[in-house]
Structures are given as C-alpha cells and as structure tokens.
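K.L.:
just the structure for this:
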Amino acid sequence: MLAVLYDWLKFGHVLMAIVWVGGALSLQLLASRIQAKGDRKQLYELTEHIEFIGTRVFTPASLLLLILGIWMVFIGPWNFGMVWIDLGIAMFVYSFVSGAFYLGPQIRRTRLLAEREGVDSDQVSILIGRIFLVSRIELVFRVLIVLDMVLKPFL
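P.N.:
Numbering: from 1, shown residues only. Sure, this is the predicted structure:
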C-alpha cells in the first residue's frame, strides 16, 4: 500500500516539475522571440501574463512539488541530509524566493512605471530586461534541480 502511495506522490511531484520547469522554459522562449523583434509593447504585455501565470500556476505548482517531495522523503527510502535532496531543496528555495520577493515586486514596479511613463519608456525596458535576466537565471536553477533529482549525485 505504501509503495502505491509513493508512486502516486512521485507522479504528482514529476507532473508539478513539468509544469514549473516546462512552463518557465516556454515563457523564456516566447520572451526571447519578442525581445528579438524589439516590440516593447508586446514584451510589456508578456510580463503581465507572466505575473498572472506566476501567481496562479507556478507558485501553487512549486509548493505542491515541494510538499509531495517532502512527503516522499518521509515514506520512501530517502532522508534529509542526503546531498542530492538538500541541494534540490536549496535550489528550490532560491528559485521560490527570487520569484516571490524579486520578480513579482519588480513586475508590479514595472507596471506602475509604465502607467506613468508609457510602455515604450527606456526605464521600463531596462526593468523588463532585468526581470527576464533574473528569470533566466532562475530557470537554470530549475533545470539544475531536475538534473539533481534524476542523477542523485553523492548518493
């Protein structure tokens, strides 16, 4: 019975990882395409969509991912203190904190600035560029978490 529960937890954990990492990758590809076109208005509009998706999809998916992972550690053959688990949690914390406490507020700040100066403002473009740079770094951490979970280094 515990093995069946573990398999369902693992399924949910992997599904949430797909949503969290795959969604971020898709948004980054879309952002890169829009940046290459140089369309400031469309890039600004994308940040609004990203804020919506971040709060309604990425945040719940990442929290569920963490909860399911911790639950699997408790009932599975793993334990905290294993390097690959601790690395995964540390990278998750970085990604979650940067999203919640940097990217979210920066997007809101960008929206306020765009309302005052317009979406074509150089300052708005600079802020959007920083947002996408940090979110790309965060995406690298998400991919490293997947690599860590699959390879389980130092096991």
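K.L.:
pLDDT on the strand or helix carrying Glu115, on average?
P.N.:
Assigned by DSSP states H and E, Glu115 belongs to helix 104-117. Helix 104-117 shows a mean pLDDT of 93.
K.L.:
name the next helix or strand downstream of that helix, please.
P.N.:
Downstream of helix 104-117, the first helix or strand assigned by DSSP H and E is helix 122-151.
K.L.:
touching the worst-scoring helix or strand of the chain on mean pLDDT from outside, list them.
P.N.:
Here the helix or strand of the chain ranked lowest by mean pLDDT, DSSP states H and E is helix 83-98, holding a mean of 90. Contact with helix 83-98 is made by 62, 65-66, 69, 73, 78-80, 134, 137-138, 141-142, 144-145, 148-149, 151-155, as judged by C-beta atoms under 8 Å, 6 or more residues apart in numbering. For every residue, glycine as well, the C-beta is placed using N, CA and C.
K.L.:
Glu48 and Ala114 touch, don't they?
P.N.:
No: shown here, Glu48 and Ala114 do not form a contact pair, counting by C-beta atoms under 8 Å, at 9.5 Å.
K.L.:
looking at those two, which one has more neighbours?
P.N.:
Legend: neighbour count by other C-beta atoms under 10 Å for Glu48 and Ala114, higher for Ala114 (22 against 13).
K.L.:
no further questions, thank you.
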